[in-house]
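**Q** the following block contains a protein sequence and its predicted model.
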Amino acid sequence: NNILEIKQSIRKELEDSKSGFKGTLKIGTISAIDADLLENNFLNFHEKYNNIKYELYEGITPEIIDLLFSRIIEIGIVRTPFDRTGLNTTYLKAEPMIAAYKNDRDLDKFGESISIKNLNEKPLIIYRRFEDLIITAFQKSEVDPYIFCINDDSRTSLLWANAGLGVAIVPISSKNLVLANNLKFKVIDDESLLTQVAIITLENSSLSAVATNFLNEVTKDPAS
């Protein structure tokens, strides 16, 4: 009886692994993803596939892409802009940038949103990957940006803003981090500064059943 039960248990485990109901999802993600993405995608997936374990790698977009090409992960969650060569890409919603700051009476006067012109002469703290995007958007608005600090991580930008050194420009999905640091913020109302979170996999590469199920779950139409 015991042998029969063990055989059945092994068979079930193999079937679960084959169908993606058991196993490990190896996924890379940027640190600044909003709570909605976590709740709507990871939580829904976990409820449906509750025996899946996770190996999570965090980093900036270029690092996540490197992990994908090294096959350390199967799926990446990244942010535009990035080079799409060799990648299958599914874009999620577009997000505006926000201006986060400690104290600034000028910015306090505005409602929830501001224009690029309202940031004229403000010491800006920006993330290196967005340098071209931000400078181009400012030039379109005929504003010469005062780039006070360029760094490699949006968390560093917020740290400097929290010290009262300037205004950090970060994607709105960093909002929770902004509020946790007791910073104020204004949404920058400018289409040139929209970025998108994207889910990426390698082109011409077969995914594990677990990764396939995750991809199907997060990219399906919520209305379906």
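**A** Everything's here; your move.
**Q** C-alpha from now on. contacts and neighbour counts both.
**A** OK.
**Q** identify the residues contacting the residue nearest in space to the middle of the chain.
**A** Central residue of the chain (C-alpha atoms, centre = their mean): residue 33, 3.8 Å from the mean position. Residue 33 is in contact with 173-174, counting by C-alpha atoms under 8 Å, 6 or more residues apart in numbering.
**Q** and it, helix, strand or coil?
**A** coil (DSSP: H, G, I helix; E, B strand; the rest coil).
**Q** where's it relative to residue 57, distance?
**A** 13 Å (C-alpha to C-alpha, to the nearest Å).
**Q** check residue 177 too.
**A** Per C-alpha to C-alpha, residue 177 is found 19 Å from residue 57.
**Q** residue 199 now?
**A** Noted for residue 199: a distance of 14 Å to residue 57, by C-alpha to C-alpha.
**Q** strands along the protein, start to end?
**A** 23-29, 52-58, 75-79, 87-95, 97-101, 113-114, 123-127, 146-151, 167-171, 184-188, 195-202 (DSSP state E).
**Q** contacts for stretch 132-143, please.
**A** 116-117, 120, 144-145, 190, 192-193.
**Q** 10 Å instead?
**A** Here stretch 132-143 makes contact (C-alpha atoms under 10 Å, 6 or more residues apart in numbering) with 81, 97, 115-121, 126-128, 130-131, 144-147, 169, 190-195.
**Q** buried subset of these, written for ChimeraX?
**A** Only the buried members of those enter the following ChimeraX selection, criterion being 16 or more other C-alpha atoms under 10 Å:
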select :97,116,119,126,127,130,145,147,169,190,192,193,194,195
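**Q** of the contacts of stretch 132-143, which belong to helices?
**A** residue 131 (DSSP state H).
**Q** returning to what we had before: next, format the strands of the chain as JSON lines and append mean pLDDT.
**A** Output for these, formatted as JSON lines (pLDDT from 0 to 100):
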{"stretch": "strand 23-29", "mean pLDDT": "91"}
{"stretch": "strand 52-58", "mean pLDDT": "91"}
{"stretch": "strand 75-79", "mean pLDDT": "93"}
{"stretch": "strand 87-95", "mean pLDDT": "90"}
{"stretch": "strand 97-101", "mean pLDDT": "96"}
{"stretch": "strand 113-114", "mean pLDDT": "96"}
{"stretch": "strand 123-127", "mean pLDDT": "95"}
{"stretch": "strand 146-151", "mean pLDDT": "96"}
{"stretch": "strand 167-171", "mean pLDDT": "94"}
{"stretch": "strand 184-188", "mean pLDDT": "96"}
{"stretch": "strand 195-202", "mean pLDDT": "94"}
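**Q** mind putting these into JSON lines with distance to residue 40?
**A** Formatted as JSON lines, the strands of the chain follow (distance: least, C-alpha to C-alpha, whole Å):
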{"stretch": "strand 23-29", "distance to residue 40": "15"}
{"stretch": "strand 52-58", "distance to residue 40": "17"}
{"stretch": "strand 75-79", "distance to residue 40": "14"}
{"stretch": "strand 87-95", "distance to residue 40": "12"}
{"stretch": "strand 97-101", "distance to residue 40": "22"}
{"stretch": "strand 113-114", "distance to residue 40": "26"}
{"stretch": "strand 123-127", "distance to residue 40": "27"}
{"stretch": "strand 146-151", "distance to residue 40": "31"}
{"stretch": "strand 167-171", "distance to residue 40": "19"}
{"stretch": "strand 184-188", "distance to residue 40": "23"}
{"stretch": "strand 195-202", "distance to residue 40": "14"}
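**Q** now residue 33: how far from residue 154?
**A** 11 Å.
**Q** ok, residue 65 touching residue 200?
**A** Yes. Between residue 65 and residue 200 there is a contact under C-alpha atoms under 10 Å: 8.3 Å.
**Q** appreciated, that's everything.
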